[in-house]
Structures are given as structure tokens and as C-alpha cells.
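In: Have a look; sequence and predicted model below, questions after that.
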Amino acid sequence: MRILAVEDDERLVRLLQRGLGEEGHIVDACTTTADALEQGQMIAYDVILLDWMLPDGDGLSLLRSWRDRGVDTPVLMLTARGTVGERVLGLRTGADDYLVKPFDFDELLARIEVLVRRRAGAIASSRVGDVTLDQRRRALVRGAEEVALTPREFALCELLFRNAGDVVTRSQLLAGVWGPNFDGEPNILDVYVGYLRGKLQRLGAGAPTIRAQRGVGFRLLAGRAS
């Protein structure tokens with residue numbers, strides 16, 4: 001899984017990265033609401049771990065902004081606030097679960113796994129035109145045709161499907177697929193867009209197409225029915 005930890009306690013972030021990393025997961029970290037707002041919106045995280053109190057604001061306001069912008073990533077609140085009223089407020093604002101600090105790591109891991117299973121059952125696919133991006137099979141499906149995607153292709157495709165019709169900038173795509181600290185060759189994005197275009201073409205005439213906006217990024221457009 002790919003997890004975002006919005007937490008200003010550096011020691012806790014290191015513990016989360018080490019512990020969840022040992023379970024095979026990737027943990028990105030943000031320490032402020034300003035940094036987390038765009039990152040949580042543009043990167044397809046499996047789960048977000050969100051602290052209630054942050055240096056430049058509060059986690060509830062950040063969560064409300066995400067939900068208003070259509071971010072449906074499961075959010076697990078991590079906070080020392082433990083009263084019933086505060087837990088209810090967090091859940092009503094849009095949190096999916098709540099864990100009071102200090103917490104047991106095994107319980108944290110179990111709660112993350114439950115949130116991911118719940119989301120997988122609720123959102124199994126997304127659709128542009130008559131082509132479905134199947135989350136479970138990690139494939140593009142059109143009628144009886146199915147084209148498998150590699151993990152990088154799937155991550156890129158998911159971002160484009162999520163923002164279909166809108167331009168997604170190169171920096172947003174690079175951060176979303178290769179991570180916010182990517183420092184490799186920027187043309188790797190063009191290579192993978194080429195791979196994805198080829199796989200969309202294999203679905204036949206009228207499948208969605210990826211258009212480049214020179215110097216800005218790419219957008220996915222629904223094809224015309226064949």
C-alpha cells in the first residue's frame with residue numbers, strides 16, 4: 001500500500017515509515033496542512049493517516065477541504081484527543097476511523113487493512129466512456145476486451161481516469177506515480193504515457209485517448225463510440 005502520514009512528530013513519522021515499511025508499504029510524510037492539501041488530492045494513496053493538530057492549522061479543516069474537493073481516500077485520524085465528542089466530530093467531518101495516541105502498532109496495521117478492504121469492496125472500478133479501469137484486476141476493460149497494466153501504468157492510468165477531461169500537470173503525474181521526491185529523468189513520464197496510449201489503442205476505435213498539452217501535462221478524453 002501507499003500511505004500518506006500527515007504528522008509533525010518526526011519521531012512518530014520515522015516509526016511509521018519503519019514499521020509500515022517492514023510490512024512492505026510505502027509511507028510518504030507531510031508535516032503541514034499546506035503541503036498535504038495538494039499531495040493528498042493528486043496522489044492516489046490507499047490510506048491517509050492524519051494528525052488532528054498541525055503547525056499551520058488543524059487536521060479537521062484539511063480533511064474537510066479534501067472531501068469538498070472529491071478526495072475519497074480513507075482517512076484514519078491519529079490524535080491524543082480521546083473524548084467521545086471529539087471522535088464523533090472527526091467522523092462526521094469525513095474521517096473513516098479514529099485511533100487515540102499512544103497506540104499499539106498492530107492495532108494501527110489492522111485498522112489500515114480494514115479500511116483498504118472496505119474501500120476495495122465499495123470502489124472496484126472507474127469508467128471513462130465505455131472503458132472501465134478495473135481496480136481489482138488492474139486492467140483496462142472494454143466489452144470482452146481486457147488489457148493488463150503494470151503497476152506504474154495502472155497508477156498513471158488511475159490519475160488520468162480520476163481527472164478525466166482535465167489537464168494533469170507533469171509534476172503532478174510524476175509525484176503521483178513515482179513519488180513526491182522523484183529526481184530521475186522527467187522523460188520517463190513520456191515513455192509511460194506512450195505505453196498507456198498503446199494499450200488504450202488495443203481496445204479499438206473509440207477508446208479514450210491521452211492528449212498532451214505542450215509544456216503543461218496530459219489529459220484523458222473519452223473516445224467517440226465506434
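Out: On my side now, so go ahead.
In: Next SSE downstream of the lengthiest helix in the chain?
Out: For the chain, the longest helix by residue count, based on DSSP state H, is helix 105-122. The helix or strand immediately downstream of helix 105-122 is strand 125-128, counting by DSSP states H and E.
In: and that next one, which strands flank it?
Out: With DSSP bridges as the test, strand 125-128 is paired with strand 131-134 (antiparallel).
In: one step back: distance from the longest helix of the chain to the middle of the chain?
Out: How far helix 105-122 lies from its chain's middle: 15 Å, per CA atoms, centre = their mean, to the nearest Å.
In: which helices and strands does it pack with?
Out: Contact analysis of helix 105-122 by 3 or more CB pairs under 8 Å, 6 or more residues apart in numbering; DSSP states H and E lists helix 10-22, strand 47-51, strand 75-79, strand 97-100 as its packing neighbours. In this view, the C-beta of every residue, glycine as well, is placed from N, C-alpha and C.
In: residues of stretch 166-178 that come out buried?
Out: For stretch 166-178, the neighbour count (16 or more other CB atoms under 10 Å) marks 168, 170, 172-178 as buried.
In: middle-most residue in the chain, spatially?
Out: By CA atoms, centre = their mean, the chain has its centre lying nearest to Ala44, at 1.5 Å.
In: where's the closest residue to that residue other than its chain neighbours, which helix or strand?
Out: Nearest residue to Ala44, sequence neighbours excluded (CB to CB, 6 or more residues apart in numbering): Glu158, at 5.0 Å. Using DSSP H and E, Glu158 falls within helix 151-162.
In: Where does pLDDT dip in the chain?
Out: 81-83, 119-125, 180-181, 224-226 (pLDDT under 70).
In: Quickly note the distance from the closest residue in space to Lys199 that isn't next to it in sequence to Leu62.
Out: Spatial nearest neighbour of Lys199, chain neighbours left out: Val147 (4.7 Å); criterion: CB to CB, 6+ apart. Computed as CB to CB, to the nearest Å, the Val147 to Leu62 distance reads 37 Å.
In: Those two: which is more packed in?
Out: Using other CB atoms under 10 Å as the criterion, Val147 and Leu62 rank with Leu62 on top: 26 against 18.
In: Would you confirm that that one belongs to a helix?
Out: Yes - under DSSP: H, G, I helix; E, B strand; the rest coil, Leu62 sits within a helix.
In: What's the separation between it and Asp166?
Out: According to CB to CB, Leu62 and Asp166 sit 22 Å apart.
In: What of Met53?
Out: 33 Å.
In: before we move on, what about Gly206?
Out: For Gly206 relative to Asp166 (CB to CB), the value is 21 Å.
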